[in-house]
Structures are given as C-alpha cells and as structure tokens.
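Novice: Give me a model of this one.
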Amino acid sequence: MNVPLFPLNSVVLPGGRIPLQLFEPRYIDMLTRCLKEDRGFVVVLLRDGLETGKSAAFYDIGTYVRIIDFQQLDNGLLGITVEGKDKVTVVRSWQQPDGLNVGDVECLLAEEEQLIPECFAELPSVLKALFRHPVVRELDMEVDYDDARDVGWRLTELLPLDKQEKQRLVELQSPLERLERLLGLLEALEES
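Specialist: Numbering: from 1, shown residues only. Next comes the predicted model:
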C-alpha cells in the first residue's frame, strides 16, 4: 500500500485519536487527496528533525490512520482528528518534490485481544484517571478497560514518556509485554 507519511512528535495506535493542525501546503494537499480518495495516511514518530521541517528522520513502525473529523480552527488553521486503524511498517519511503513524505507500507499482524491479568490491575485505574482530563475526554475515545491491547495502547499514547520509549512500546506486538514495560515505567516515574 502506497500512502502519505506524517512524521510527528506523538504516537497514535489502533483505536486512538489525535487532533492535528494543518497549515503547510503539502499537508493541506494531502488532506484534500485523502478525503477525495477516501483513504488515510500513516503517522510515524519523528526520530530527528522538526514536524514542520522538510528533512525529517522517522521510525519505520507507525499507524495507518483515517480522518474522522475536520474543521476550521479559531486561529485560522485547519484542524483534523484522526483515528488509528492498523500498525504498519514502512518498507520504503521517499520525499515528493513538494516535501511530502510517502512510502510503501505493510500492515503488521493484529495483536490478539487479551484480558488484563491481576498483576496489571492498577493500569486500568491509571488510564481512567488520564481519561478524566478534559483534553482526553474531548477526543471521545472508546476504551475496553478489560482488554490488555486497549489499555496498553492508550497508556502508550497518553503517558509523559520520552519518544524513544514510546516507540519501543509501539513496536511491541505482545499486549502483556507492553503492560509489563508500562508498569515498570510507571513505578520509575513514581520514584522520581
């Protein structure tokens, strides 16, 4: 599948939502094409460079997203909300003359739905606390607090972790391994 790539300093995973502000011509053109062709694009985490820069290095594992809402913002910019659909790997990428990154991507195997074991029982409570924040509530995301995938994906998106750590969590294919890593990171945050 050949798709536009959108390097960000944030991650989004299947079922997650993220608001974006578009002002660069390359991304407004991308949005127009995506809406006209009823297709999405891939959000990849920046490794080096700026979100607004022409040269950016990004990780190979990202998430294919679909546009679920768009509107003109008070600041005059175009605002969109995207929702994650599938984790993908970027097999090959290049930059178009207008500066838009595009690539050939392949979907990764879907992670299996798993109930949360007792040893991770505190993680859904942490996520529920994060979901009380008005900015998160505004995204109107649905979460299955019994599903290890959902809880791990949302915590990966919402916790204040450095981007390399977020990427390691994105790349994991085991929901329980992700929860184990998140629990360790939360314990380290509490100690600091």
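Novice: Now whichever helix in the chain runs longest: buried residues?
Specialist: The residue-count maximum for a helix in the chain (DSSP state H) belongs to helix 175-191. Of the residues in helix 175-191, Pro175, Leu176, Arg178, Leu179, Glu180, Arg181, Leu182, Leu183, Leu185, Leu186 count as buried by neighbour count, 16 or more other CB atoms under 10 Å. (Each C-beta comes from the backbone N, C-alpha and C, glycine too.)
Novice: if I look at the fifth one, how far off is Ser192?
Specialist: Taking CB to CB, to the nearest Å as the measure, Glu180 and Ser192 are separated by 19 Å.
Novice: just Leu186 next, same as before
Specialist: Taking CB to CB, one finds Leu186 at 11 Å from Ser192.
Novice: repeat for Leu182
Specialist: 16 Å.
Novice: Same question for Leu22.
Specialist: Separation of Leu22 from Ser192 (CB to CB): 36 Å.
Novice: The two: who's more crowded?
Specialist: Using other CB atoms under 10 Å as the criterion, Leu22 and Ser192 rank with Leu22 on top: 18 against 4.
Novice: Figure out the helix or strand that Val102 lives in.
Specialist: strand 101-107 (DSSP states H and E).
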